[in-house]
Structure formats: C-alpha cells, structure tokens
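[1] the amino acid sequence is not available; the structure is as follows:
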C-alpha cells in the first residue's frame, strides 16, 4: 500500500525508532486525488508524512520514499487550477496490491492546503528535507561500494542515461521546438502560456 | 560520483528532465544532492493538459530515483569527459 494507516495515540502519531518530527502544522486540508479529507494536522517527520484528521476522517501516513515529486502550487487567476495554493505531491504506488483509490498509471496525487499561504515555503522545505533524509536503500552513486552484486540485475531499469541515442533526442527536441518551449532556454520566462 | 559532479556544474542552468511517470519538466536547477534529487525553480511542464495537477506549480523537488532522462543544453557538458568517466565507472563495477 502506498498510503498507510499509522499508529496514533492521543491524536498524535506514534513515532518509529529514531524518527523525529521536522514540522507540525494544524489546519491543513488534505486532498487525495479529488477527494477532500477536510482539516487535520500534518506532521512531516524524518521518515514519513503523517496527517491526522481533526474530525473523524482518519489518519494516514506516506513514506517519504514513495514521493516521486513534490512542489509548491499557487492559485493563479489565469490558471485553470481548481485548488487553492498548496504543496502538491505525487506518490508512487510500489505495491502490487489494490491501489488506495482510483490511480492513473500507478501514481496518486496528494495535496496539502495550509490555512495560510505563507506556510507553503516552510512546508516545501520540510518535505524536501524529509526526502533528502530518505535515500533509496540501494545507493548507486556510491563509487567506493564493494557490494556491487546487488546491482547486477538492476542495470536495465536503473541506468540513468545522460546521453540519449541521437535520434530519440532529436525527435524530442523537434517536438519541443514546435511547442515553442525551447526558444530562449537561457532566459527566465516570466510569461505563462 | 560522476553524475553528482556533473549535476553540480548544472546548478543555475535551465535543464529538462523526464520522469518515469512521463512528466517532462523544464526549469532552473537550484540544488542537487548525492542521490541526484533535484530542486527546480520556475518550472514549465511539457503538455500541462496531461498533468493538470502540476499546471500551476512553480518550484519542485524531484526524487532522483524517479528520473528517466535528463536533457542538457549542448554546451554545458564535455561529452568526451562524460563518456570516459562512464566507461571507467562501468569497468570499476565489472571488476567488483
């Protein structure tokens, strides 16, 4: 399961061994995909995100390792975004069992909406810090690793390619040019389409 | 640590990454760590209509493991250096 049910005592999470709380914020509304779970308290710990409902909507935890990407999303009058400003994250479903709810392509979008927009940066930083504290167990960047046996079967899936085969790259660049995305790669673009 | 060194040189530049979930993001690389977790500012999503949840996202943190490809501006890296380093890295792994 991607989203777990954490152990709670007296409306506070029971922490795991050596787990610490990086940030605790109340009045955080949580959305899982399109469903709101209303207000609750968010705990960003050194291992997970834990959210405990203020009412009877339950409590949930997400392992930091499951968070593929997280970001600050701001409500913009020009945008079609239907959510208030929030921290949005995408969770990867690593389990082969039933998904938590309707998932497209094995990814679930979760949003945390603070009562005050000023909290967004703090939340984002805490999420980032938590992610940094939870590297994947098989660290491929360790040059001095002697235990490379475990990597033998991983080669195919896990190789990060810095240079693509020429054709694939050219096709991709053509696609981007058509969409006008690469006109001024060096400039900071203030306009949003 | 070759990729980490490479990415450190890219901090402050605009690059594009494609994630394993098919998200393609272009943005200013702000920070990188040894696990190739990347932090971006001023991001643009490719085909945002396919990923509405990130349409109005301005900055993001990407977990290294979720990156499929990195697209680099042509003059930012020394191709030969990368090819040599990658060769060395793989040979080292074969030895172990």
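    Arrived safely, thanks for sending. Keep in mind that this is a model prediction, so the values were computed, not measured.

[2] taking chain B, what residue is nearest to chain A?
    residue B:60 (3.2 Å; Cβ to the nearest Cβ). Glycine gets a C-beta too; all of them are placed from N, C-alpha and C.

[3] element containing that residue?
    Assessed by DSSP states H and E, residue B:60 sits inside strand B:57-62.

[4] what does that strand contact?
    A:68-74, A:88, A:124, A:127-128, A:131, B:17, B:19, B:25, B:27, B:30, B:37-43, B:45, B:54 (Cβ atoms under 8 Å, 6 or more residues apart in numbering or on different chains).

[5] let's see it at 6 Å
    Applying Cβ atoms under 6 Å, 6 or more residues apart in numbering or on different chains, the contact partners of strand B:57-62 are A:69-73, A:128, B:38-41, B:43.

[6] quick one: strands adjacent to that strand?
    strand A:67-73 (antiparallel), strand B:38-45 (antiparallel) (DSSP bridges).

[7] now do that strand: distance to the chain's middle.
    Centroid separation for strand B:57-62 versus its chain: 13 Å, with Cα atoms, centre = their mean, to the nearest Å.

[8] that older thread, out of the strands paired with strand B:57-62, which is the most enclosed?
    Stretch with highest mean neighbour count among the strands paired with strand B:57-62: strand A:67-73 (a mean of 25; mean count of other Cβ atoms under 10 Å in any protein chain shown).

[9] what helices and strands are in contact with the following helix or strand past that strand?
    For strand A:67-73, the following helix or strand on the C-terminal side (DSSP H and E) is strand A:86-92. Judged by 3 or more Cβ pairs under 6 Å, 6 or more residues apart in numbering or on different chains; DSSP states H and E, strand A:86-92 is in contact with strand A:67-73, strand A:107-113.

[10] okay, the angle between strand A:86-92 and strand A:107-113?
    160 degrees (axes from the mean of the first three to the mean of the last three Cα atoms, to 10 degrees).

[11] so, low pLDDT: which residues of chain B?
    Along chain B, the parts satisfying pLDDT under 70 run over B:1-2.

[12] what about the strands in it?
    Counting by DSSP state E, chain B has strands at residues B:14-19, B:24-32, B:38-45, B:57-62, B:67-71.
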